[in-house]
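Asker: Sequence and computational prediction follow.
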Amino acid sequence: MSTEGLGPPPEDQERSSEISFVPVDTSAPPPSYEPPSIAKAWKFYHENLPKRIKVSKSSGPGVGCGGMLQMGAGNQSAQQSSKGTGYRLARPGEIQDPVSGEPARPYEICGSYKELDEFGIGISLYFRQLLLLFVVVGGCACVNLNTIATNSEFNPENTTSTLVGSVYGLGRDNLTFANQGQADIITCLVLGAFVFALKYFESKNIEQIDLAQQTPQDYAVRVTRVPEHMKNPDSYYHFFKKWGDVVFVSVALDNGPLLKKLADSRELDEEIAAVEATNASMVAAGKEVGEASKKKLGDMNNKKAELTLEVQSLTKPTYHAKAVYVIFNKESDQRACLRDCATGILEEQFNMQCFSMNDNSTMEGQVLRVDEPVEPSEVIYENLHLSFVDYWGGLFKSYAITAGILGVSFAILNALSVSVSDNEDGTEVAESSTGYASAIFVSLLNGMLPWTLKKLTLMMEVHVDEGDVQTSILRKLMIARCLNTAVLMYVVTDFDAQFSSANLSQVQSILIADCFTTPVIRCLNIYEHVMHYVVAPTKPTQSQMNVLFQGAYWNLAERYTDMIKTLFVGLFYSTIIPSSLFITSAAMLVTYIVDRYCLLRMWSRPPMYDESLATASRKMMVVSVWVHVVMARVFFSNWPYRNPAEKPDCNLFTCTDTANVWTDEQKRIVGVYEGVGIMIFVFGFWILFFRKITSACKSLCCQSVDEVGKASNVEYRNLTGVSAYVPNLKRDSLINPLFACDVSMVNPIYLPCRKVTLDGQTLDPSSLSLNSDQDMPLADAGQRVNFFGSCKYYAQQSVLSGQQQPQQVQAAPLPQQQMMRPAQPVAVQMSPTNHGGGTGGSGVGGFFTPGQQGGNPYRQQQGHMQMHQVQQVQQVQVQQVQVQQVQVQQVQVQQVQVQMPGVAVAMAVPQAGAAGGQFQPLPAGWEMKMTAQGQPYYVNHNTQTTQWTRPVYRAAAAPQRPGMAGMRQQSQGIVLPRGWELKRAPDGRPYYVDHNTGTTHWTPPQL
């Protein structure tokens, strides 16, 4: 495009803006080579720990969009409702809020339980349930004090201290309703009332937590059953904007197999880099690289080439839209959309509007399914393509293997079962020395089950969000642990050994281990210490070293099952060991303290789970109470477990005295428990199944919309520390997620990744995108557009209307085509290195740190929000101007070709569909900016100059298979040999690190 009449670019104005340039000393050597450092890994570890940032509440002071101080309920810039904690959870590595400058503070170990609301509903409900169970079970234990005192009067003199108050040594005549039955019946009624009231408690807590913390889920809707050919976010933006201001639209495709292969390739790159670094260090030390290492590197290179070809085979002409995520600016708009678009299963399956006569949920003749999504950190985008058969087939295989594990456990427990015989003097003697072997086996198996069932779930099952994964693990773990710990132990124990000291002691050993031993092992964190002090120093790269310092994996399903298993076992045997209720109550409190410490100081950051796990655990509590009633009836009817010939006939609801040996007190107790058991079963069936069945029947006609409390008046655009629904993949061996879409036009504050690299340099989020030459060298940029989803930001209409729109460019004959000379650039710009004139910086593995400022704290914050919104407007204007330029030149080319057939005309404007976004990316060190009139110009930070014409992007040619394994291609389009890396000096100048020789260079290597 001609630039005549434009004049020089706004160099002076650009130099006087907030961007501060440091002259480049070409004679100075590049930064020195730094080997991997344990000190850096520990710094990464501490910056990765959970921290909280103070935010403005709707009832308190805050900084408005224009930077002015606002007070009271009229605070339109509030980031949290008046019922919130006043803090939000900082993102990994975030040092301070990017708008207010509030610093990130560590959580207090002994702080309020309400602080944990900032981790999301699922985690907060877990800790609240622990505290509730501590109080309720402790109260039930106090009710049984009379039973403990009465039983202790009949215990033999040789009874161990831990079994005092148990049924050891009691006979049939010692059983009375007043001494044993009454207290346990009260316990059953209290626990029954508790679990039935827990639904109400859970709903109120969910409402309280939801109002206290604003998350993307509160503003978003998920759209499935979309027209497969519609992949343009703008189409959905125009469809949903009638409900309110739309901020983001993300489109996810059914490209799961492709994404998984690309992620595997990235992981393989990390492994190859580690092997090359190891070999380079050996060469530098004068050692010879072994044949095994050479062969390993060759095999990995061959695998890399095979992966590249597999990726090529998965590049279909196009992929289809599978799910769309729309984020509104206001929570009330989201709720209105959910209500208006509610449809039934019949409408969705048969693609018809049979009950509601409006077209709110119909798009191009397709009935959409619109519901509330899970949090962005929970979505598993690579599994969105899987079918109904894949889901249920995986579940069947997974549960079948779990049943096999329980079968093997039953056989081993049966071999270790306790049986007793009597000496001549009538004292009990265990026939084998395996009395405690069962307890040891149960503890070991319970310790192995979480890891085993997690691996089994990930290998066999397919889920679309992390909450579903955890719920599946939770169900299998609860069934396996409860059956293994209590039911199977009861079944394999001989009839006449149930009340023996050996059997009662091993049951109590399991409970004590849950209360003390298991939490202590968690605090010792032995596995992580081995990773930190033994394995990490052997890693050749900083990236691989830091991976080992991310913290232990947080398995919320395991934590819930530990809680439920302890409750289940305690209630299962509380009739014959009443003191088990005290141990169970103490275990809940100890677990709360230990897990809170581990969450805040040791474990890795978990996703923000929803309430599904808490709901599943609540239902298991209902089962636990009913099982307690059943087992109490069984224990009382078989009392005192002396003669197998006196064994009554028992089922799930009744017991019959076939031997006619029961006392009147025994008959009375059994009769009461039969009535209580049937009552709890009926209410439990209603809670577990009936309501779910009726809800499913209603959903055939219309989808239910559950609104939690009143909609908050906090706007999404005011929130900080939140992510958009950006399609991505996570891998354990990678610090940051890999983006399955172009993120070059998405504001980095909404991306779920760190803002700086491991060594403190600013991270280019585009380097994490799988839509690159590096990941798909055999597909050109135009083809790759069809293989990936998208995430698009939309500026607020009121903001756009207040800015001068870009001038519309009209097509004209080529010799006469000119554009108006732009005036001054936009005066308000966000500086990448300085805010408010302070000294800026960044933390290792963290976010950009705004400069420290003095003076009035509210005056310090003025303009930040305005700058951010102006930047958003400029992004939209850049896109609009670029599209107009492309259209103008297309018209011009057509005109020239009509006038002069056969003449080839080259377009100077980058074409749509290129890598890095809708247009070709800029070379390294370049930046696009906008003048006040909307005219783009280009800043070269390498030479500190500006120009009107867009620099030419020179993408490297895709390597062929024979040489593919020996090359590494950077996101900027520069091809580097294996073992080389592109970095940036503090002044932004690029330099090159040769990991093979441990040296650095200003110039790129010659291929």
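Answerer: Perfect, thanks for sending it. Numbering: from 1, shown residues only.
Asker: neighbouring strands for whatever helix or strand V939 lives in, and are they parallel or not?
Answerer: Assigned by DSSP states H and E, V939 belongs to strand 936-940. Strand pairing for strand 936-940, using DSSP bridges, gives strand 926-930 (antiparallel), strand 945-947 (antiparallel).
Asker: rank the ones you listed by pLDDT, which is bottom?
Answerer: The minimum mean pLDDT among the strands paired with strand 936-940 belongs to strand 926-930 (a mean of 67).
Asker: Not counting its neighbours along the chain, what's nearest L133?
Answerer: M588 (4.6 Å; Cβ to Cβ, 6 or more residues apart in numbering). From N, CA and C alone the C-beta is placed, and that goes for glycine too.
Asker: Is it correct that that neighbour falls within a helix?
Answerer: Yes. Judged by DSSP: H, G, I helix; E, B strand; the rest coil, M588 forms part of a helix.
Asker: Give the buried residues for the helix or strand harbouring L406.
Answerer: L406 belongs to helix 388-415 when assigned by DSSP H and E. Across helix 388-415, burial judged by 16 or more other Cβ atoms under 10 Å covers 391, 394-395, 398-399, 402, 405-406, 409-410, 412-413.
Asker: Looking at those, which one is closest to D465?
Answerer: Y391 (12.3 Å; Cβ to Cβ).
Asker: Now for that closest one: which residues touch it?
Answerer: By Cβ atoms under 8 Å, 6 or more residues apart in numbering, the contact set of Y391 is 461-463.
Asker: Would you mind giving those residues as JSON lines with secondary structure and distance to S293 added?
Answerer: Formatted as JSON lines, these follow (DSSP: H, G, I helix; E, B strand; the rest coil; distance: Cβ to Cβ, whole Å):
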{"residue": "E461", "secondary structure": "coil", "distance to S293": "37"}
{"residue": "V462", "secondary structure": "coil", "distance to S293": "37"}
{"residue": "H463", "secondary structure": "coil", "distance to S293": "38"}
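Asker: can you redo these as JSON lines with neighbour count?
Answerer: Formatted as JSON lines, these follow (neighbours: other Cβ atoms under 10 Å):
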{"residue": "E461", "neighbour count": "23"}
{"residue": "V462", "neighbour count": "21"}
{"residue": "H463", "neighbour count": "20"}
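Asker: related to what we said a few turns ago, the helix holding L406: how far from the chain's middle?
Answerer: How far helix 388-415 lies from its chain's middle: 27 Å, per Cα atoms, centre = their mean, to the nearest Å.
Asker: And stretch 94-102, by the same measure?
Answerer: The answer for stretch 94-102 is 22 Å, by Cα atoms, centre = their mean.
Asker: Just the mean pLDDT for it, thanks.
Answerer: 82.
Asker: one step back: grab the CA positions of the strand holding V939 and hand them over as CSV.
Answerer: Extracted in CSV, the C-alpha atoms of strand 936-940 (Å, rounded to 0.1, in the frame of the first residue of the first chain):
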residue,chain,number,x,y,z
PRO,A,936,-1.6,1.3,12.5
TYR,A,937,2.1,1.9,12.6
TYR,A,938,5.0,-0.4,13.6
VAL,A,939,7.6,0.0,16.4
ASN,A,940,10.9,-1.8,16.0
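Asker: what separates the nearest residue to K792 once chain neighbours are set aside from L589, distance-wise?
Answerer: Nearest non-adjacent residue to K792, counting by Cβ to Cβ, 6+ apart: P233, 4.1 Å away. Applying Cβ to Cβ, to the nearest Å, the value for P233 to L589 is 50 Å.
Asker: quick one: which of these two has more around it?
Answerer: P233 (21 against 16; other Cβ atoms under 10 Å).
Asker: Surely the more buried one touches V249?
Answerer: Yes. Look at P233 against V249 with Cβ atoms under 8 Å: they come within range, at 3.9 Å.
Asker: list residues touching both of these two?
Answerer: With Cβ under 8 Å, 6+ apart, P233 and V249 have common neighbours 791-792.
Asker: pLDDT below threshold where in the stretch 401-550 of the chain?
Answerer: Low-confidence segments of the stretch 401-550 of the chain (pLDDT under 70): 417-439.
Asker: Tell me which stretches of the stretch 701-850 of the chain form strands.
Answerer: Ranges of strands in the stretch 701-850 of the chain, per DSSP state E, counting those that start in this stretch, are 728-729, 738-739, 790-793, 841-842, 848-849.
Asker: What pairs with the first one, parallel or antiparallel?
Answerer: Based on DSSP bridges, the pairing partners of strand 728-729 within the sheet are strand 738-739 (antiparallel).
Asker: averaged over its residues, what pLDDT does the strand it pairs with have?
Answerer: 94.
Asker: element containing the residue nearest the centre of the chain, please.
Answerer: Most central in the chain under Cα atoms, centre = their mean is P607, positioned 2.7 Å from the mean C-alpha point. Using DSSP H and E, P607 sits within no helix or strand.
Asker: list the contacts for it?
Answerer: Neighbours of P607 in contact, by Cβ under 8 Å, 6+ apart: 120, 375, 377-378, 466.
Asker: can you redo the buried residues of helix 388-415 as CSV with distance to Q366?
Answerer: Shown next, in CSV, are the buried residues of helix 388-415 (distance: Cβ to Cβ, whole Å):
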residue, distance to Q366
Y391, 23
G394, 28
L395, 29
S398, 33
Y399, 35
T402, 39
I405, 44
L406, 45
S409, 50
F410, 51
I412, 55
L413, 55
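Asker: For the stretch 551-700 of the chain, which segments are assigned as helices?
Answerer: 556-572, 580-601, 612-638, 664-685, 691-699 (DSSP state H, counting those that start in this stretch).
Asker: and among these, the most buried is which?
Answerer: For those, the largest average neighbour count (mean count of other Cβ atoms under 10 Å) is found in helix 556-572, namely a mean of 26.
Asker: From the contact counts, what lies against that one?
Answerer: helix 121-143, helix 437-460, helix 466-482, helix 501-512, helix 580-601, helix 612-638 (3 or more Cβ pairs under 8 Å, 6 or more residues apart in numbering; DSSP states H and E).
Asker: And whichever helix or strand comes after the fourth one, what does it pack against?
Answerer: Of the helices and strands lying after helix 501-512 in sequence (DSSP H and E), the nearest is helix 518-524. Using 3+ Cβ pairs under 8 Å, 6+ apart, the elements in contact with helix 518-524 are helix 580-601.
Asker: For the helix it packs on, C-alpha coordinates in PDB please.
Answerer: Extracted C-alpha coordinates of helix 580-601, given in PDB (Å, rounded to 0.1, in the frame of the first residue of the first chain):
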ATOM      1  CA  SER A 580     -14.500 -45.200  67.900                       C
ATOM      2  CA  LEU A 581     -16.700 -42.100  67.700                       C
ATOM      3  CA  PHE A 582     -14.200 -40.100  69.700                       C
ATOM      4  CA  ILE A 583     -11.400 -41.300  67.400                       C
ATOM      5  CA  THR A 584     -13.500 -40.500  64.300                       C
ATOM      6  CA  SER A 585     -14.200 -37.000  65.600                       C
ATOM      7  CA  ALA A 586     -10.600 -36.300  66.400                       C
ATOM      8  CA  ALA A 587      -9.600 -37.600  62.900                       C
ATOM      9  CA  MET A 588     -11.800 -35.000  61.300                       C
ATOM     10  CA  LEU A 589     -10.200 -32.200  63.200                       C
ATOM     11  CA  VAL A 590      -6.600 -33.500  62.600                       C
ATOM     12  CA  THR A 591      -7.400 -34.000  58.900                       C
ATOM     13  CA  TYR A 592      -8.700 -30.400  58.700                       C
ATOM     14  CA  ILE A 593      -5.500 -29.000  60.200                       C
ATOM     15  CA  VAL A 594      -3.200 -31.200  58.200                       C
ATOM     16  CA  ASP A 595      -5.000 -30.700  54.800                       C
ATOM     17  CA  ARG A 596      -5.200 -27.000  55.300                       C
ATOM     18  CA  TYR A 597      -1.500 -26.800  56.000                       C
ATOM     19  CA  CYS A 598      -0.700 -29.000  52.900                       C
ATOM     20  CA  LEU A 599      -3.000 -27.000  50.700                       C
ATOM     21  CA  LEU A 600      -1.400 -23.700  51.600                       C
ATOM     22  CA  ARG A 601       2.300 -24.800  52.000                       C
END
